[in-house]
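Q: 3D model of this:
(2 chains)
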Amino acid sequence: MNDDDVVDVEAVPEATGDVRGAFLIPGWLLRVASAVAGLLVFVLALDLLKEGARDYGRAMVTLFNVTSPVSALGFGWLLAYMFLSGSPVAAIAVAFFAAGTLDALQTFTMITGSRLGASLIVLGVGFLYYLRGHRRAASVAIGVQALITTAAIYLPAMALGVWALTSGLVQTVHAEAEAPLQSVFDWLYEPVLRAIDVLGVPGWAQFGAGVVALLTAFVLLDRALPQVDPESNAFSRIGRLVYRPMVMFALGMAVTSATMSVSVSLSILVPLSVRGLVRRENTLPYIMGANITTFIDTLVAALIVGGAAAFTIVLVEMVSVALLSLMVLLFFYQAFQRSILRLQDAIVRNRATLSVFLAVMFIVPVVLLIF
Amino acid sequence: MNLLIYAGPGPWRNEALATAAQFVGQVATSVTLVTGGGIRHADLLDDAVAQLGLPPDVQIKRRVVEGTPQEAILTVAGEATYDLVIFGRFQRPLERLLPLRRSDALTRRLRTAVLRVSGPVRPIIRRILLASGGDQHTFATARYAALMATPLGASVTLLHVVSQQPVVFEALAPLAADEATFLAGDTPEADTLRRAAAWLRERGITVATRVRFGLVLDEILAELHEGDYDVLAVGTHHTAGPLDRVLLEDLTGDLLDRCPRTVLVARRIAHD
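A: Below you'll find the predicted structure:
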């Protein structure tokens, strides 16, 4: 689920009725089973990450010299490149917070970094998939648009969120590594975690197992996602007509609430458009809306692994992004739209400009790590 | 043609009358002049008759109505069927900055085509820019543009703005990268432009076709400015139902808000 990294949007044909009939398992049951299994693995993954982060996380943070909110931003950003996804990184950030490896502000900026990194993944991995023959991966133009829109909203939103967290407007508590787990699933996983302790599994192995479990959980939850009806009449002219920005914003939020991935949400625009083309006026507010509800899984992860404090951090991030997005939509939308699309045109003008842009996107998070 | 012209007080009254005077005498069979504000403005109607210089065979009616100019126009427009309503922009420059003062409110409520005059008077209307969405509504707009262009000897430029972009690498329809390729292509929009151009040429009007790439509003306004056009002709905001009114952006309304020049808003003719 959840990533702007799931860029290969080629529709996987569902099992036909005949096949289902042969196994006598209805499709909805498979979805429910996937959802339950995905959720259980997701929670286990978060617990493993948290346990692993107690030792290995601290070593990792020391290795990457994550000592400030700025370096945490770069760390989250780079980690998203490594995972080809933003959501696992955001989940790792809350696990680090729960383990006491990162403080509230560093967690906040690391989550922001994960979103920035994930935006580039839409572009980069989309292109890789395209080269590998998956022609329906997110196009370069839409990938660049997703990236610069995310940066344009998230960076000022980050300033707003940092202010909210540091001014005392929003209270968070610093979680200690020894603090008890907040998860309601503890009774289920405690025997597993105790067994790992008894066996003396090192922190890095627990962390690695947590990452693998997290990615597995996303795959399982992906299979449980509801299907969005591509024949919806209300948006069937998305390629021809210009919809109100607020309508597209709400649509982006709604679709991403279900798919939990910006790139999957973008791919849903394709069947809505007869010719596979969508008006620029429609995609920009759609991406802005998608960028808010893509946090839902991080919110859940924060609640499970980090309790109220971690939940508050993610909520502040989500509210900051939502506030900034609404301010732009209500007061500066025309200028914002024009600026973003001009920048997009300048970047995708030729290979040289695109290459320079991609190089900058790789260098910036590395530079941030220095601070 | 049966025309309704607002001749009462207003910020762009003289410009509206001067613009109408260029072609009304050649196309009108009947002209109704209206003013709001009651009897104290009745003399403005006589002044308008003098400014318009209508030929004697054109029937002239005068209507004085209490209330605002907008109320006066709506009242009189509701009493008969008009082919075109002409008035000057009522919004003053500073009022445009207020987000809730939309200048298309009157145009939206009228059931007829509208010529909303704004900007300095052009001594002769020579160039009309027709903004086409590339659909069948283009022909209704072309018909109204022809009504103005024919008596004035004005040229019409058909403009289509391509703002689409492929969401995925493998778009079902490849996107033309330049104007010539787009116009020569087999997209429905290119076909509409070709047919609308042919229709206008058949009526002896000089036609040009332009395609621009970018945001619709920005590109229309940029072309209007760069080409120094006198009038912008657009179709009305097409909504199939109440849901469309909520979902779809009103580009015609946005253009009426932002366009500094005279705008012709065409209505779809029932028998088209």
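Q: show me where chain B dips below the pLDDT cut-off.
A: For chain B, the stretches flagged by pLDDT under 70 are B:92-104, B:168-176, B:238, B:240, B:268-272.
Q: strands along that one, start to end?
A: Residue ranges of the strands in chain B, as given by DSSP state E, are B:2-6, B:30-35, B:59-64, B:84-88, B:113-117, B:127-132, B:155-162, B:164-166, B:207-213, B:231-235, B:262-266.
Q: which one of those lies nearest to chain A?
A: Taking CB to the nearest CB, strand B:164-166 is the member of those nearest to chain A, at 3.8 Å. Using the backbone N, CA and C atoms, a C-beta is placed for each residue, glycine as well.
Q: name every strand pairing with the closest one and say which way it goes.
A: The sheet places strand B:164-166 alongside strand A:277-279 (antiparallel), with pairing taken from DSSP bridges.
Q: returning to what we had before: as CSV, the strands of chain B with mean neighbour count would be great.
A: Rendered in CSV, the data for these read as follows (neighbours: other CB atoms under 10 Å in any protein chain shown):
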stretch, mean neighbour count
strand B:2-6, 24
strand B:30-35, 23
strand B:59-64, 16
strand B:84-88, 25
strand B:113-117, 26
strand B:127-132, 25
strand B:155-162, 24
strand B:164-166, 24
strand B:207-213, 19
strand B:231-235, 26
strand B:262-266, 26
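Q: can you tell me the closest non-neighbouring residue to the most centrally placed residue in chain B?
A: For chain B, the residue whose C-alpha lies nearest the mean C-alpha position (CA atoms, centre = their mean) is residue B:264; its distance is 1.1 Å. Beyond its immediate neighbours in the sequence, the residue positioned closest to residue B:264 (CB to CB, 6 or more residues apart in numbering or on different chains) is residue B:233, lying 4.3 Å away.
Q: now residue B:199
A: The shortest distance from residue B:199 to any non-neighbouring residue, by CB to CB, 6+ apart, is to residue B:142 (6.1 Å).
Q: which ones are touching the one you found?
A: Residues in contact with residue B:142, defined by CB atoms under 8 Å, 6 or more residues apart in numbering or on different chains, are B:130, B:156, B:158, B:196, B:199-200.
Q: which two among the residues you listed are spaced furthest apart?
A: For the contacts of residue B:142, with distances taken as CB to CB, the pair at the greatest spread is B:130 and B:199 (11.4 Å).
Q: now tabulate the strands of chain B in a markdown table and tack on distance to residue A:353.
A: What follows is the strands of chain B, written out as a markdown table (distance: least, CB to CB, whole Å):
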| stretch | distance to residue A:353 |
| --- | --- |
| strand B:2-6 | 51 |
| strand B:30-35 | 57 |
| strand B:59-64 | 61 |
| strand B:84-88 | 46 |
| strand B:113-117 | 41 |
| strand B:127-132 | 31 |
| strand B:155-162 | 21 |
| strand B:164-166 | 17 |
| strand B:207-213 | 17 |
| strand B:231-235 | 34 |
| strand B:262-266 | 37 |
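Q: tell me which of those lies nearest to residue A:64.
A: Taking CB to CB, strand B:164-166 is the member of those nearest to residue A:64, at 36.8 Å.
Q: my read is that the residue nearest to the centre of chain B contacts residue B:236, right?
A: No - using CB atoms under 8 Å, residue B:264 and residue B:236 do not qualify as a contacting pair, with a distance of 10.7 Å.
Q: could you find the closest non-adjacent residue to residue B:259?
A: Nearest in space to residue B:259, with sequence neighbours left out and distances taken as CB to CB, 6+ apart, is residue B:232 at 5.5 Å.
Q: pretty sure the one you found is touching residue B:129, no?
A: Yes - with contact defined as CB under 8 Å, residue B:232 reaches residue B:129; the gap is 5.2 Å.
Q: any idea how far the residue nearest to the centre of chain B is from residue A:104?
A: Look at residue B:264 and residue A:104: by CB to CB, to the nearest Å, they are 59 Å apart.
Q: check residue A:345 too.
A: Applying CB to CB, one obtains 39 Å for the distance of residue A:345 from residue A:104.
Q: neighbour count winner among the two?
A: In this view residue A:345 and residue A:104 are compared by other CB atoms under 10 Å in any protein chain shown, and residue A:104 has more residues nearby, 23 against 17.
Q: the more buried one touches residue A:165, doesn't it?
A: Yes - contact criterion CB under 8 Å: residue A:104 and residue A:165 qualify, at 5.8 Å.
Q: picking up where we left off before, check contacts around the residue nearest to the centre of chain B.
A: Contact partners of residue B:264, counting by CB under 8 Å, 6+ apart, are B:113-116, B:128, B:141, B:144-145, B:148, B:231-234.
Q: go on, residue B:105?
A: residue B:70.
Q: repeat that for 10 Å
A: B:70, B:90-91, B:253, B:256 (CB atoms under 10 Å, 6 or more residues apart in numbering or on different chains).
Q: quick one: which of these sit in helices?
A: Where the contacts of residue B:105 overlap with helices, as defined by DSSP state H, the overlap consists of B:70, B:253, B:256.
Q: burial measure for residue A:332, as a count.
A: Other residues close to residue A:332 by other CB under 10 Å number 11.
Q: what about it, which SS state?
A: Under the three-state scheme (DSSP: H, G, I helix; E, B strand; the rest coil), residue A:332 adopts helix.
Q: residue 81 - nearest residue in space that isn't next to it in sequence?
A: With no chain named, the answer covers chain A. When the adjacent residues along the chain are set aside, residue A:81 lies closest to residue A:117, with 5.3 Å between them (CB to CB, 6+ apart).
Q: look at chain B instead
A: For residue B:81, ignoring the flanking residues on the chain, the nearest one in space by CB to CB, 6+ apart is residue B:2 at 6.7 Å.
Q: what bridges to the one you found?
A: Judged by DSSP bridges, the bridge partners of residue B:2 are residue B:30.
Q: what about it, distance to residue B:127?
A: When distances are taken as CB to CB, residue B:2 and residue B:127 turn out to be 27 Å apart.
Q: then residue B:69?
A: Counting by CB to CB, the separation of residue B:69 from residue B:127 is 29 Å.
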